[in-house]
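**Student:** Any chance you can model this:
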Amino acid sequence: MGQIMISKFLLLCFVLFLACSQFLLSSSFSNSTKLCPHGQSLALHQFKQSFSIHNSSSWECNGGTTSYPKTEYWKKGSDCCSWDGVTCDLVTGHLIELDLSCSWLSGTSHPNSTLFLFSHLQSLNLSFNNFSGFSISTGFGRFSSLMHLNLSYSLIITRSLVQNLIKLQKLHLHGISISSVFPNSLLNRSSLISLHLSECGLYGRFLDHDINLPKLELLSLFGNEDLSGNFPRFSENNFLIDLDLSSTNFSGELPASIGNLKSLQTLDLYYCEFSGTIPTSLENLTQITFLHLEINHFCGKIPNVFDNLRNLILLDLSQNNFSDQLPPSIGNLTNLYFIDFSYNKLEGVIPSPVNGFSSLSHVGGLGYNLFNGTIPSWLYTLPSLVELDLSHNKLTGRVGEFQFDSLEKIDLRMNELHGSIPSSIFELVNLTYLDLSSNKLSGVLETSKFERLSNLIELDLSNNMLSLTMSSNSNSMLPNIEIVDLSHNNISGIWTWNMGKFFSHNKLSGEISPLICKVSSMGVLDLSYNNLSGLLPHCLGNSRGGLSVLNLRRNQFHGTIPQTFLKGNSMRTLDFNSNRLEGLVPRSLIICRELEVLDLGNNKINDTFPHWLGALPKLQVLVLRSNHFHGHIGFSKIKSPFMSLRIIDLAHNDFDGDLPKMYLRSLKATMNIDEGNMTRKYMGGNYYQDSMMVTIKGLEIEFVKILNTFTTIDLSSNKFQGEIPGCIGNLNSLQGLNLSHNNLTGHIPLSFRNLKMLESLDLSSNQLSGRIPEELTSLTFLEVLNLSQNHLTRFIPRGNQFGTFGNDSYYENSGLCGFPLSKRCINDETPELSTEEDAEFENKFDWKFMLMGYGFGLILGLSLGGLIFLVGKASMVGNND
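**Tutor:** Residues are numbered from 1 along each chain as shown. Modelled structure (predicted):
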């Protein structure tokens, strides 16, 4: 009976609960229809009307937030408290939260915007919109109850932060242009929980005293490149979780007080100026999961602190100066997902893990160190491994068999590995990048093994000792491949793999099939230094694969160069050097507007000078050496031909007539190169870099890379005649000049004294006469000088580089005397001035006279000096040009 009474009582309670719930819900619903005050609804609508909607305004929206126009769903007449992004107080109806992040808003706002009428706001989020030109005004000071303010990536401008937000807990201004010193007053607000001031243009020095913000969980100053300071000092009673100082100018050593950050989960010091050793107090950061110390100046041994850092997921210490061996406690990081120690000076063998590394998927960087020994066996057994980079070390032994097929990238280049390529590599179906280059790998590689690597994009097996056997279906393999480099191996036999790419320095034979022109996305075809022969397919000039580099140097091709190049092609390098090609230079090359390198040297081409090439705006290298070019080079109808040309080799042809003054005057790329302010780089793209043979300093040198500052002119072994034009002296960045073995007459131009960068000068085997200009002693970079077999007379100049030249620089000039020749000069100490010397003396006097004018009066000095200078200039032109 008692149990029945209890059951009835519980049932009655449940009915009463339902009734009350229904009453409360209906009451709430009834009140919600009246929650939003009319004035508030009107103000929100006016705020909406002040902006336009463009989806591009929120293109940077990220973090999983959906981007859509929230205000488009605000309907006039409905309860504004139900509008998207609007939250009201349930009792008063006042607007307390406004979240319009990622809402496609675009436009500017007036200082009297209705936004500032919402004085009860506690949270305002306008991030990821485009309020370009909208400056933070004093209106923000009206938000006395505001606790959360997020204006990140909204293009709002502020020169000073608001001062009246006394309750502020979260301030996020990521990407907002503040452009001021760091506002130290913010660090006096004990209510702060999150301060995000990354990429705000802050500068100056961050405060050095202790930070006492007991509630602070996040501090991000990322991307303020001109903000400096030491590592911030935090008191022991802190709860900091995330500290990001990356890409700033913070410097100095990490203090032992870093151990106070016991709640820290993320520490990002990427790309700063920190130095010194890592303090052992780092072991106190037991909650740390992400540790970024890369691209700093840390040094010494990595401390053995990782036993306590078991929560680490990411560890990046790359691009520092760490040395010695890896600490053994590294092997206990059981949760580690990503590790990078690349670009340091670490040595010894790679340690084996004790309990850790089971979750490791990215061994993204043990490369560029000094590790030795063999590749440890545990690296082959990681079930989730996606990336393995051990490049640029001193690892030896064989490459083992991988146990799992999760790998997407393998980079083992530049080691001392030997043996054959393991068969398991060809079972890695997810592999996109494989680089085993510059090792000692050997064995026969069958192209059929690549069948399963359908996702492979880059393959580099160059600089090994591999052989290759090609199967009948080789050309259908690797459908996504973009780069194949098998150069510098022992690959022989008939070449049938029409994939293109890099096969130079092998022993391939046979012909190039026209089918190669149908290969898509070929980009580069380098078959140089092989034994290929036959005719060149004429389709090579208009292949559909976007060919930019065609290098067939040092083969046995014959016939003519392809005559048709299509408009809009991307050809940048054409190298046919050292073949048996004949005929004419194709006129359609004028269409190759991207052409930078044209090397036709050492063939049998019979043509006149291709003056029309002067219209190519990017042509930097022109080699026509050792062919049958003939005739006068003459003049060009192009106003300023060969403006970018800086390497010219026309040697060993049959050109005659005068040296081409017009072209020599146009070589702007050999004038006034400021190497100090110029980024030194090599010609070519990110992967392929141009090379060439250059005869300079009396030697034939292979330049495997061509610096963008290198300049040389070689017109030797032709039939040029007449005097050397003085305009060559304007090419003041020239490093090599060879005019030897011609029929040149007259004097060595005095203007050669302007060739301050000249390293090699060869004027031998001509008919030059007169003296060797003493002014040439000012060429302090000159290493090689050859003036032999001419008719030069009088004394050999002394001083600087001329003290290093031997007899062979001057032999068969019977009129020369003085060191280093055994023939002594008469009146060696007081040589008689020649006409050229008189002109030089007049020029020096003119400048002295002009400078004297400054002493007697600025106007008179400038007038007389300028007048005499003009007279002297006319005299010099007559002598030197």
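
**Student:** What spatial separation is found between Phe239 and Leu216?
**Tutor:** 7 Å (Cβ to Cβ, to the nearest Å). Every residue, glycine included, has its C-beta placed from N, CA and C.

**Student:** These two: which is more packed in?
**Tutor:** Leu216 (24 against 15; other Cβ atoms under 10 Å).

**Student:** Could you measure from that one over to Asp242?
**Tutor:** Leu216 is 10 Å from Asp242, by Cβ to Cβ.

**Student:** ok, now Gly85?
**Tutor:** 26 Å.

**Student:** Can you pull out the low-pLDDT segments for the stretch 501-650 of the chain?
**Tutor:** 544-545 (pLDDT under 70).

**Student:** contacting residues around the longest strand seen in the chain?
**Tutor:** In the chain, assigned by DSSP state E, the strand with the most residues is strand 440-446. Contacting residues not belonging to strand 440-446 are listed as 399, 416-421, 461, 464-469, 471 [Cβ atoms under 8 Å, 6 or more residues apart in numbering].

**Student:** and that strand, average pLDDT?
**Tutor:** For strand 440-446, the mean pLDDT works out to 92.

**Student:** Check the offset of that strand from the chain's centre.
**Tutor:** Centroid separation between strand 440-446 and its chain, computed with Cα atoms, centre = their mean, to the nearest Å, is 33 Å.

**Student:** what does stretch 595-609 give?
**Tutor:** Worked out by Cα atoms, centre = their mean, stretch 595-609 lies 32 Å from the chain centre.

**Student:** Kindly format the C-alpha coordinates of the longest strand of the chain as CSV.
**Tutor:** Below are the C-alpha coordinates for strand 440-446, written out as CSV (Å, rounded to 0.1, in the frame of the first residue of the first chain):
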residue,chain,number,x,y,z
LYS,A,440,76.4,5.5,-54.0
LEU,A,441,73.4,3.5,-54.9
SER,A,442,73.8,0.9,-57.6
GLY,A,443,72.0,-1.9,-59.3
VAL,A,444,69.7,-2.3,-62.2
LEU,A,445,66.4,-0.4,-62.0
GLU,A,446,63.5,-1.6,-64.0
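
**Student:** next SSE after it?
**Tutor:** Elements were assigned by DSSP states H and E; along the chain past strand 440-446, the next helix or strand is strand 458-460.

**Student:** just how off-centre is that following strand within its chain?
**Tutor:** 20 Å.

**Student:** what does stretch 613-632 give?
**Tutor:** On Cα atoms, centre = their mean, the centre of stretch 613-632 falls 31 Å from that of its chain.

**Student:** Stretch 706-715 too?
**Tutor:** Per Cα atoms, centre = their mean, the centroid offset for stretch 706-715 relative to its chain is 24 Å.

**Student:** What mean pLDDT does that stretch get?
**Tutor:** Averaging pLDDT along stretch 706-715 gives 91.

**Student:** Distance across it, terminal residue to terminal residue?
**Tutor:** Stretch 706-715 has an end-to-end distance of 20 Å (Cα to Cα, to the nearest Å).

**Student:** now, which of the contacts of strand 440-446 lie within strands?
**Tutor:** 416-419, 465-469.

**Student:** ok, Gln49 to Gly107 distance?
**Tutor:** In terms of Cβ to Cβ, Gln49 sits 10 Å off from Gly107.

**Student:** Of the two, which one has the most company?
**Tutor:** Shown here are Gln49 and Gly107; by other Cβ under 10 Å, Gly107 has more neighbours (16 against 10).

**Student:** residue contacts, the more buried one?
**Tutor:** 50-52, 130-131.

**Student:** Filter those down to the buried ones, ChimeraX style.
**Tutor:** Under the burial definition 16 or more other Cβ atoms under 10 Å, those of the contacts of Gly107 that qualify are selected in ChimeraX by:
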select :51,130,131
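
**Student:** my read: Leu360 touches Tyr337, true?
**Tutor:** Yes - the pair Leu360 and Tyr337 qualifies as a contact (Cβ atoms under 8 Å) at a distance of 6.6 Å.

**Student:** which of the two has more neighbours?
**Tutor:** Comparing Leu360 with Tyr337 by other Cβ under 10 Å, the one with more neighbours is Leu360, at 24 against 18.

**Student:** how close does the more buried one get to Lys215?
**Tutor:** 36 Å.

**Student:** that older thread, name only those of the contacts of strand 440-446 that count as buried.
**Tutor:** Looks like those have 399, 417-418, 421, 461, 464, 466-468, 471 buried, using 16+ other Cβ under 10 Å.

**Student:** for the stretch 301-450 of the chain, what spans make up the helices?
**Tutor:** With DSSP state H, counting those that start in this stretch, there are no helices along the stretch 301-450 of the chain.

**Student:** what do you get for the stretch 51-200 of the chain?
**Tutor:** Using DSSP H, counting those that start in this stretch, helices in the stretch 51-200 of the chain do not occur.

**Student:** Low-confidence stretches in it?
**Tutor:** In the stretch 51-200 of the chain (pLDDT under 70), the answer is 63-64, 109, 111, 133-139, 157-163.

**Student:** That one: strands as residue ranges?
**Tutor:** 52-53, 86-88, 95-99, 105-106, 123-125, 148-150, 170-172, 194-196 (DSSP state E, counting those that start in this stretch).

**Student:** I'd like those strands laid out as CSV, including distance to Gly229.
**Tutor:** Shown next, in CSV, are these (distance: least, Cβ to Cβ, whole Å):
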stretch, distance to Gly229
strand 52-53, 42
strand 86-88, 38
strand 95-99, 34
strand 105-106, 36
strand 123-125, 30
strand 148-150, 25
strand 170-172, 19
strand 194-196, 15
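
**Student:** So for Leu739, which of those strands sits nearest?
**Tutor:** Distance to Leu739, taken as Cβ to Cβ, is lowest for strand 105-106 among the strands of the stretch 51-200 of the chain, at 65.0 Å.
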